[in-house]
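**Student:** below are the sequence and a predicted model; questions follow.
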Amino acid sequence: VLSKNRQRFQDEGILLPVPPYDTLLISLDKYETIKAAEKVGFPHPRTYLPESPADVARITRELGPPWVLKRRFTVGGAGLSFHTDRLHLERELNKISDPRSMPMIQEYIPGPQRQNFHLVADRSSEIKALLCPRVIRRSNRLYNDNTGSAESTAHHPFVPLVARLVREI
């Protein structure tokens, strides 16, 4: 809401530390974020947004199972599913009546690897603060992916790509 009405606040002399609405939409839309990552050479799983049943058949032939079905706008993995049966995947997608709700189909990349980048950027998209937490130990008491111990650094081989991605978005 603040981002969408940012200009109204600026007209009143109020500075809000939020990105412009168009920028925010890119970062909230997983597919648009993947397209920006692709543009700057940031590594990512192969990702497709099917537009027809023929697209689904082509994508599943190209990727091969397992397939990751992921909503474009979610938090915490809601709506994420894995499929090894093409017919089951097609049935799931056929249930969607609104084309704007079409989820992405992604390549499955096995393993527990995950890297987050927490950052603050200025108005010119230059990174002013950056943390790259590395999980040392997991605690599976509440969730399967709960971090028990981590260390953080600003040094990671992807940092230059993160900077390019921030500027692109």
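**Tutor:** It's in.
**Student:** would you map the helices across this protein?
**Tutor:** In the chain, the helices defined using DSSP state H lie at 6-11, 21-28, 30-40, 53-63, 86-94, 159-168.
**Student:** center of the protein - which residue?
**Tutor:** Closest residue to the average C-alpha location of the chain: residue 30 at 4.0 Å, with Cα atoms, centre = their mean.
**Student:** now the spatially closest residue to that one that is not a sequence neighbour: how far from residue 28?
**Tutor:** Spatial nearest neighbour of residue 30, excluding adjacent residues (Cβ to Cβ, 6 or more residues apart in numbering): residue 72 at 5.1 Å. (C-beta placed from N, C-alpha, C; glycine too.) According to Cβ to Cβ, to the nearest Å, residue 72 and residue 28 sit 9 Å apart.
**Student:** the more surrounded of the two?
**Tutor:** Between residue 72 and residue 28, counted using other Cβ atoms under 10 Å, residue 72 has the larger neighbour count: 18 against 14.
**Student:** returning to what we had before: surely the residue nearest to the centre of the chain and residue 77 touch.
**Tutor:** No - contact criterion Cβ atoms under 8 Å: residue 30 and residue 77 do not qualify, at 11.0 Å.
**Student:** who does the biggest strand by length in the chain pair up with?
**Tutor:** Ordering each strand of the chain by length in residues (DSSP state E) puts strand 127-138 first. Take DSSP bridges as the rule and strand 127-138 pairs in its sheet with strand 118-121 (antiparallel), strand 147-153 (antiparallel).
**Student:** winner for burial among those?
**Tutor:** strand 118-121 (a mean of 13; mean count of other Cβ atoms under 10 Å).
**Student:** tell me how many other residues surround residue 83.
**Tutor:** Quick note: residue 83 (other Cβ under 10 Å) scores 20 neighbours.
**Student:** who's in contact with it?
**Tutor:** Taking Cβ atoms under 8 Å, 6 or more residues apart in numbering, we find residue 83 in contact with 65-69, 89, 92.
**Student:** what's the angle from the lowest-mean-pLDDT helix or strand in the chain to helix 159-168?
**Tutor:** Least confident helix or strand of the chain, by mean pLDDT, DSSP states H and E, is strand 147-153 with a mean of 72. Counting by axes from the mean of the first three to the mean of the last three Cα atoms, to 10 degrees, strand 147-153 lies at 90 degrees to helix 159-168.
**Student:** send the alpha carbons of strand 147-153 over as CSV?
**Tutor:** Output of strand 147-153 as CSV, limited to C-alpha atoms (Å, rounded to 0.1, in the frame of the first residue of the first chain):
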residue,chain,number,x,y,z
THR,A,147,18.3,-22.9,11.0
GLY,A,148,19.9,-23.8,14.3
SER,A,149,23.2,-21.9,13.7
ALA,A,150,24.5,-19.6,11.0
GLU,A,151,27.3,-17.2,10.3
SER,A,152,27.0,-14.2,8.0
THR,A,153,29.5,-12.5,5.8
